[in-house]
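Participant: Based on what follows, work out the 3D shape:
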Amino acid sequence: MEIERSLAGSQRSRKRLVNAARRLQSMGLNPIPLQRITEVAKRPFLHKGELKTAETGFFHRASTEKDIQEWIRRSRHSNLNGSGWLWENLAVVTGSTSGLFSVDVDDESAWPYLEMLGVDEETETWKWTTGRGVQMAFSIPEGVKVPNFHGNDKLLPDVPFDIKGECGYAALPPSVHHTGREYEYVEGHAPRECSLAEAPECLILAIRHSTSTTRTPTRMVKS
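Facilitator: All right, here's what the predicted structure looks like:
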């Protein structure tokens, strides 16, 4: 009976993930599955190479319904065999395959600095709560490549926010943080409620300046 309840709960959770992934795909975005989020990592529910491999990896091509069916099959097989390797959360690949990047704010002290770059808490765009703060998404202007800035190392040093750009990914609702807090869209800021805003010009200028004056390697950044 306990096993049956566990399987039923897993199926309900997976259905939410599947529906969310399909909605993202219908919007032209590139969702990927995540394993259980831990204190130290947000690992994709993917085999080695499926994310980064040139041309065939999800950093370079959009996921499809066929991929979703494969993730379902894998997770169901793992669940039946008692494996902990399961599809439990959802992310969107940031950068060119989705046409967006995200600003990840974990500390309220970042807002005054972000406001100087044209980003404030009331900006009308997609916005969701995370385990520690909020994330906001913006469309990538044509001809611009947005790298990852982890801990704003070169963009605004010592200001607590990240940017997830090319070869990055951001966890989305209905994911569950390791603290047990569920990722949720802020009221009025879900994709069905507002449009994806264009990136503020000041923010893009700062990104361009940072990438043109430094040789910052693009790193895979998760949120």
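
Participant: Got phi/psi on the residue positioned nearest the centre of the chain?
Facilitator: The chain has residue 170 as the residue nearest its centroid, 1.5 Å off, counting by C-alpha atoms, centre = their mean. Here is the backbone geometry of residue 170 (degrees, to the nearest 10): phi -130, psi 130.

Participant: so residue 140 sits right up against residue 99, yeah?
Facilitator: Yes. Between residue 140 and residue 99 there is a contact under C-beta atoms under 8 Å: 5.7 Å. In this view, the C-beta of every residue, glycine as well, is placed from N, C-alpha and C.

Participant: more neighbours, those two?
Facilitator: Higher neighbour count among residue 140 and residue 99: residue 140, with 21 against 15, using other C-beta atoms under 10 Å.

Participant: residue contacts, the more buried one?
Facilitator: 95-96, 99-101, 146, 165, 199 (C-beta atoms under 8 Å, 6 or more residues apart in numbering).

Participant: immediately after the helix or strand of the chain with the lowest mean pLDDT, which helix or strand?
Facilitator: Every helix and strand of the chain was ranked by mean pLDDT, DSSP states H and E. The lowest is helix 2-26, at a mean of 75. Using DSSP states H and E, the next helix or strand after helix 2-26 towards the C-terminus is strand 31-34.

Participant: which other helices and strands contact that following strand?
Facilitator: Applying 3 or more C-beta pairs under 8 Å, 6 or more residues apart in numbering; DSSP states H and E, we find strand 31-34 packed against helix 2-26, strand 89-94, strand 168-172.

Participant: Give me the mean pLDDT for that strand.
Facilitator: Confidence for strand 31-34, expressed as mean pLDDT, is 98.

Participant: Kindly report the same for stretch 71-84.
Facilitator: Computed over stretch 71-84, the average pLDDT equals 91.

Participant: do stretch 116-132 as well
Facilitator: Rounded mean pLDDT across stretch 116-132 is 93.

Participant: C-alpha coordinates for that stretch, PDB please?
Facilitator: Extracted as PDB, the C-alpha positions of stretch 116-132 are listed here (Å, rounded to 0.1, in the frame of the first residue of the first chain):
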ATOM      1  CA  MET A 116      20.800  51.500 -12.200                       C
ATOM      2  CA  LEU A 117      20.700  49.000 -15.000                       C
ATOM      3  CA  GLY A 118      17.000  49.400 -15.600                       C
ATOM      4  CA  VAL A 119      15.800  46.300 -13.700                       C
ATOM      5  CA  ASP A 120      13.400  46.800 -10.700                       C
ATOM      6  CA  GLU A 121      11.100  44.700  -8.700                       C
ATOM      7  CA  GLU A 122       8.000  45.900 -10.600                       C
ATOM      8  CA  THR A 123       9.300  45.400 -14.100                       C
ATOM      9  CA  GLU A 124       6.500  43.700 -16.100                       C
ATOM     10  CA  THR A 125       8.000  40.500 -17.300                       C
ATOM     11  CA  TRP A 126       8.200  36.800 -16.300                       C
ATOM     12  CA  LYS A 127       9.100  36.500 -12.600                       C
ATOM     13  CA  TRP A 128       9.100  33.600 -10.200                       C
ATOM     14  CA  THR A 129      10.100  32.900  -6.600                       C
ATOM     15  CA  THR A 130      13.000  30.500  -6.000                       C
ATOM     16  CA  GLY A 131      14.300  28.900  -2.800                       C
ATOM     17  CA  ARG A 132      16.200  32.100  -1.800                       C
END
